[in-house]
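Trainee: Need coordinates for the following:
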Amino acid sequence: MTHHSTRFALAALATATGLGLSVSACSTHDSAAPTSSTPAPPPDPGTTTASPSDIAKQKATAAYLDMWEDVANVATTSDWQSPRLADHATGDALSVLSRQMYADHYNGLITKGKPVNTPVVQSVDSQDAPKTVMIRDCSDASNWLKYRADNGQLVDNESGGKHLITAEVKLAVDGAWRVTRFAIEGIGSC
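Mentor: As a prediction, the model looks like this:
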């Protein structure tokens, strides 16, 4: 598989993701809240508390961005077995990312640089108890390119360009938000 720059095998990603799977993954985060002997101050009556929907949007967006940060870091070695991939991805998303890393490892490729993501929340499944957030992103992979691991040579001279990404982020049973599926459109789709 000698594919161009870091379109991160976008064709494979786009066809392998079709949006709709549930999550169940382990996390290293401790769910127990820290205890304190000092009582918390009362809320300021002049401030408003964020709604469950707003909190879900923030956490889902952070998980989405963290997933791409993890992918960019792992791609520098194409370590398809890195546990870091499961920190913010699960289900189809994790499977696609792991397979792409394995393909790059098998073909002696690594990826340098990082994508530039600009996610926007498209929908939340519930205002009171959200469990699914849909995100739309115009990701710029122009400076996220594939290189040969053995000699450091750029695989090709094409830039990654901008790609439309649609992602599903779900609340897992452990309380963490993780990307469960995503679809990536071709270069110039946004």
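Trainee: in the chain, which residue is closest to the centre?
Mentor: Centroid-nearest residue in the chain: Met67, 3.0 Å away (criterion: C-alpha atoms, centre = their mean).
Trainee: Identify each buried residue in the host helix or strand of that residue, please.
Mentor: If you go by DSSP states H and E, Met67 is part of helix 52-75. Going by neighbour count (16 or more other C-beta atoms under 10 Å), the buried part of helix 52-75 is 53, 56-57, 59-61, 63-72, 74-75. For every residue, glycine as well, the C-beta is placed using N, CA and C.
Trainee: Send over that helix as PDB, restricted to the C-alpha atoms.
Mentor: Output of helix 52-75 as PDB, limited to C-alpha atoms (Å, rounded to 0.1, in the frame of the first residue of the first chain):
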ATOM      1  CA  PRO A  52     -25.600  18.800  30.400                       C
ATOM      2  CA  SER A  53     -25.800  19.300  26.600                       C
ATOM      3  CA  ASP A  54     -23.100  22.000  26.800                       C
ATOM      4  CA  ILE A  55     -20.800  19.900  28.900                       C
ATOM      5  CA  ALA A  56     -21.300  16.900  26.600                       C
ATOM      6  CA  LYS A  57     -20.400  19.100  23.600                       C
ATOM      7  CA  GLN A  58     -17.200  20.300  25.300                       C
ATOM      8  CA  LYS A  59     -16.100  16.800  26.400                       C
ATOM      9  CA  ALA A  60     -17.000  15.200  23.100                       C
ATOM     10  CA  THR A  61     -15.100  17.900  21.100                       C
ATOM     11  CA  ALA A  62     -12.100  17.500  23.500                       C
ATOM     12  CA  ALA A  63     -12.100  13.700  23.000                       C
ATOM     13  CA  TYR A  64     -12.300  14.200  19.200                       C
ATOM     14  CA  LEU A  65      -9.300  16.500  19.200                       C
ATOM     15  CA  ASP A  66      -7.400  14.300  21.600                       C
ATOM     16  CA  MET A  67      -8.000  11.300  19.300                       C
ATOM     17  CA  TRP A  68      -6.300  13.100  16.400                       C
ATOM     18  CA  GLU A  69      -3.500  14.200  18.700                       C
ATOM     19  CA  ASP A  70      -3.000  10.600  19.700                       C
ATOM     20  CA  VAL A  71      -3.100   9.400  16.100                       C
ATOM     21  CA  ALA A  72      -0.500  12.100  15.000                       C
ATOM     22  CA  ASN A  73       1.900  11.000  17.800                       C
ATOM     23  CA  VAL A  74       1.500   7.300  17.200                       C
ATOM     24  CA  ALA A  75       1.800   7.700  13.400                       C
END
